[in-house]
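**Student:** just the structure for this:
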Amino acid sequence: MEIKLDQVKGIGPSMLRLLRNQGIWSTYDLVLNYPKKYEDFSITSLERTQDKEVITTHATILNDLKLNRFGKSAFVSFKVKISDKTIDVIAFGKGYLINSFSKGEEVILKGVYHLFKKQINASSVIKVDKKIPMKPIYGIEGIHDKTMMNIMETIFSNGMVSIYETIPKIFLDKYKLLNRLEAYKKLHLPQTIEDIHHAERRFKYEEAFYLQLRLFSKNQNNHVRPSKSYDIHKVRDMISTIPFELTADQKEAVNDIFRDFKKDFASYRLIQGDVGSGKTMVAMISSYAVNTAGEQVTLMAPTELLANQHYQYFKNYLK
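**Tutor:** Numbering: from 1, shown residues only. I've put the predicted structure just below:
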């Protein structure tokens, strides 16, 4: 069931026009519009913060806020108590704070901490009862991120969006994945950075799952070709020159690809891993194996630097 945006509380004619200009026409479209980034308001320790690091801390305002002029700029200044320390706070371009906070009020401060000055250049000052651990940043011109959060809260709390599941339950249970609705909710209304990571993990699995399905469907009409008669002795000699031992996962990936070479039809294989886990090394070893069979290999690298680094190492082997 599709729910139009004008049925959502908080979305008036002007906001409706702004959203439609972004190609967003329903609550489903809006939920699929991910935040571009997040601002973390998780409390950090003042004692463990180094000079000029960003800190988020609980504080009590000690005096009345003062508006100051510095050339054409204006900034608000006040003192706060954090644990047993008195810290100066300045906030540029936030004159509205004068009417929003007063002496004795508890707040959450976020900003750059200058250790030796005992000063925080505040980027955010919010009331304790309105604290949000993770703030999604949508970057939609003309619509405040806080407004978007309130709309998302309304949509999810009132069941105003239909999200269908795309992964069989057996896999959700086996790999402890969030269901699709919960994953979207955590992307838009996260409480911790872990919520975002869990949601991202689910969608990464979903992408890989459907990529594998597409590859499997292609394999139903496999293109017959001769197996690759690579020279395993040359491959082993080359691997022995690598200045480190391959990890167990790298060895397993290489062996899987070599088993594909022995088949009499074309194969597709996805190598997935974190940055620096050695995916390109696996690809280069596999490329060299095909090269020993007297065939040419094409290897595309995402950056020129990465391509050149691996080429310089393997240029003595590839012909």
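**Student:** helices along this protein, start to end?
**Tutor:** Across the chain, reading from the start of the chain, the helices by DSSP state H fall at 13-21, 27-31, 97-100, 145-157, 169-174, 180-188, 193-219, 232-240, 248-261, 279-292, 304-314.
**Student:** of the ones you listed, which approaches D64 most closely?
**Tutor:** Evaluated over these, closeness to D64 peaks at helix 97-100, with 8.8 Å, by C-beta to C-beta. In this view, the C-beta of every residue, glycine as well, is placed from N, C-alpha and C.
**Student:** how about the closest one: buried residues?
**Tutor:** Taking 16 or more other C-beta atoms under 10 Å as the basis for neighbour counts, the residues of helix 97-100 that come out buried are L97.
**Student:** as a whole number, average confidence for that helix?
**Tutor:** Across helix 97-100, pLDDT averages out at 90.
**Student:** tell me which helix or strand of this structure sits lowest on mean pLDDT?
**Tutor:** Taking mean pLDDT, DSSP states H and E as the measure, helix 304-314 is the helix or strand of the chain with the lowest mean score, a mean of 66.
**Student:** if we can go back for a sec, lowest average pLDDT across the helices of the chain?
**Tutor:** By mean pLDDT, the lowest-scoring of those turns out to be helix 304-314, with a mean of 66.
**Student:** contacting residues around A208?
**Tutor:** By C-beta atoms under 8 Å, 6 or more residues apart in numbering, A208 lies in contact with L270, Q272.
**Student:** what about the most centrally placed residue in the chain, distance to E194?
**Tutor:** The chain has E200 as the residue nearest its centroid, 6.8 Å off, counting by C-alpha atoms, centre = their mean. Plainly put, E200 is 11 Å away from E194 if you go by C-beta to C-beta, to the nearest Å.
**Student:** contacting residues around E153?
**Tutor:** Taking C-beta under 8 Å, 6+ apart as the criterion, E153 is in contact with L189.
**Student:** start the count at 34 instead of 1 going forward.
**Tutor:** In the new numbering, first residue 34, that becomes E186.
**Student:** so how far is V109 from it?
**Tutor:** Noted for E186: a distance of 29 Å to V109, by C-beta to C-beta.
**Student:** same thing with S116?
**Tutor:** Here S116 is placed at a distance of 23 Å from V109 (C-beta to C-beta).
**Student:** tell me how far stretch 151-167 lies from the chain's centre.
**Tutor:** Shown here is stretch 151-167, whose average C-alpha point lies 23 Å from the average C-alpha point of the whole chain (C-alpha atoms, centre = their mean, to the nearest Å).
**Student:** ok, and what's touching it?
**Tutor:** Contacts with stretch 151-167, where a contact means C-beta under 8 Å, 6+ apart, come from 71-75, 88, 90-91, 113, 118-125, 127, 130, 133-134, 138-147, 182, 223-226, 228-229.
**Student:** kindly recompute the last result at 6 Å.
**Tutor:** For stretch 151-167, the external contacting residues (C-beta atoms under 6 Å, 6 or more residues apart in numbering) are 71, 74-75, 120-124, 130, 139-146, 223-225.
**Student:** what comes up buried for it?
**Tutor:** In stretch 151-167, counting by 16+ other C-beta under 10 Å, buried: Q152, I153, N154, A155, S156, V158, I159, P166, M167.
**Student:** and these, which is closest to S59?
**Tutor:** Checking those against S59 by C-beta to C-beta gives M167 as the nearest, at 25.4 Å.
**Student:** report the beta-bridge partners for the closest one.
**Tutor:** Taking DSSP bridges, one obtains D73 as the residues bridged to M167.
**Student:** state the pLDDT value of it.
**Tutor:** According to the predicted model, the pLDDT of M167 comes to 83.
**Student:** off-centre distance for stretch 189-198?
**Tutor:** 23 Å.
**Student:** end to end on it, go ahead and measure it.
**Tutor:** Taking C-alpha to C-alpha, to the nearest Å as the measure, stretch 189-198 stretches 16 Å from start to finish.
**Student:** in terms of pLDDT, where does the nearest residue to K127 once chain neighbours are set aside sit?
**Tutor:** Nearest non-adjacent residue to K127, counting by C-beta to C-beta, 6 or more residues apart in numbering: V109, 5.6 Å away. The model reports V109 with a pLDDT of 93.
**Student:** got it, and the one 4 residues further on?
**Tutor:** Reading off the per-residue confidence, V113 sits at a pLDDT of 95.
**Student:** could you give the bridge partners of it?
**Tutor:** Here V113 sits in beta bridges with I94, I120, as judged by DSSP bridges.
**Student:** for it, give me its contacts.
**Tutor:** A92, I94, I120, V122 are the contacts of V113 under C-beta under 6 Å, 6+ apart.
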